[in-house]
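Asks: what's the 3D shape of this:
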Amino acid sequence: MYLLLSARPSPYARKVRIQLAEKGIPFELITEVPWDSTTQTPRWNPLEKLPVLICPDGSSVFESRLINEWVEARHPEPPLMPDDLDARFAVKRFEVICDGACDALILQLFENARGEEHRSQPWIERQQRKVDGALRELARVVEGREFCVGQAFTLADVATGTLLGYLKVRWPHLDWPQRYPDLAAYSDRMEQRPSFVGSRPTTQVISDQVV
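Replies: Predicted structure coming up:
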C-alpha cells in the first residue's frame, strides 16, 4: 500500500488525495507539519516539501504535479488525462495556473507572518495580483462548462477545484465568488464529488518558528 505524507490544509497534497480516491487506489494518510522539527519529510524529499508518495518498495515520489503524472502513468484507469495531445497540454496549463496561484497565496501567508513592522505590502500586493490573474483566467475558461477540459473530469479539475477549495478555507475574506459566480458554482459542484468531500482541507498549527 502507498503512504502519503500530507498536511491538512495543503492544496498540493489534496490534489494527490483526490487523484488516488478517483482511481480507487488505497493509501495510508500520514499527516505532517513540514515546518516543524519533528517532521519526517526530509527523509523522503530532499526539498523538505509535501506531499510525498512513499511506494511499497520504499522509494518516494515528491512534488504534486510529478506525483500526479507518476500515478497516471502507473494507474491509467480511470484516465484523468485525455489522449489528445492538445487537450493534454490544456490540462497542464490549468495545473501551472493553479499551482502558481497556490504558490502566491502561500508566499502571502508567510509574509503576513512576519508581522506588521516587517512585512512588505508591495510584495503582498504583487502576489495577490497573481492570484487575481489566475482567477480571471479560470473564470474565463470555465464559464458555461461542466469540466475544465473536454467532457470529462481530468487533472485540470483536480487542480482548479483544489485551488478554489483552498481559497475558501485559508482566504474566506476574498470576494471571488461574488465576482465570478460561474467559477463559484463550478467549485460547489466539484466539492460534492466524494473525492473532494473526503479530502476537505482544515487548518493546522505550526509549532516551530517559520519566519
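Asks: continuing past the longest helix along the chain, what's the next helix or strand?
Replies: Assignment by DSSP state H gives helix 85-112 as the longest helix of the chain. Counting by DSSP states H and E, the next helix or strand C-terminal to helix 85-112 is helix 121-142.
Asks: elements contacting that following helix?
Replies: helix 85-112, helix 155-170, helix 176-179, helix 181-190 (3 or more Cβ pairs under 8 Å, 6 or more residues apart in numbering; DSSP states H and E). For glycine as for every other residue, the C-beta is placed from the backbone atoms N, C-alpha and C.
Asks: for the ones you listed, which one sits closest to Gly24?
Replies: Nearest to Gly24 among those is helix 155-170; the distance by Cβ to Cβ comes to 15.0 Å.
Asks: quick one: that closest one to chain centroid distance?
Replies: 6 Å (Cα atoms, centre = their mean, to the nearest Å).
Asks: same deal with stretch 16-27?
Replies: Per Cα atoms, centre = their mean, the centroid offset for stretch 16-27 relative to its chain is 14 Å.
Asks: which strand residues bridge the nearest residue to Glu28 once chain neighbours are set aside?
Replies: With Cβ to Cβ, 6 or more residues apart in numbering as the criterion, Glu28 has its nearest non-adjacent residue at 5.0 Å, and that residue is Leu3. Bridge pairing for Leu3 (DSSP bridges) gives the partners Glu28, Ile54.
Asks: tell me the contacts of Leu3?
Replies: Phe27, Glu28, Ile30, Leu53, Ile54 (Cβ atoms under 8 Å, 6 or more residues apart in numbering).
Asks: what distance do you get for it to Ala101?
Replies: 28 Å (Cβ to Cβ, to the nearest Å).
Asks: how about Ser64?
Replies: From Ser64 over to Ala101 (counting by Cβ to Cβ), the distance is 14 Å.
Asks: again, but for Tyr186
Replies: 15 Å.
Asks: the worst-scoring helix or strand of the chain on mean pLDDT: how far from the chain's middle?
Replies: Among the helical and strand segments of the chain, the one scoring lowest on mean pLDDT, DSSP states H and E is helix 41-44, with a mean of 91. Here helix 41-44 is found 20 Å from its chain centre; the criterion is Cα atoms, centre = their mean.
Asks: now do that helix: which elements does it pack against?
Replies: Helix 41-44 packs on strand 52-54, going by 3+ Cβ pairs under 8 Å, 6+ apart.
Asks: measure Ala87 to Met81 for me?
Replies: 8 Å.
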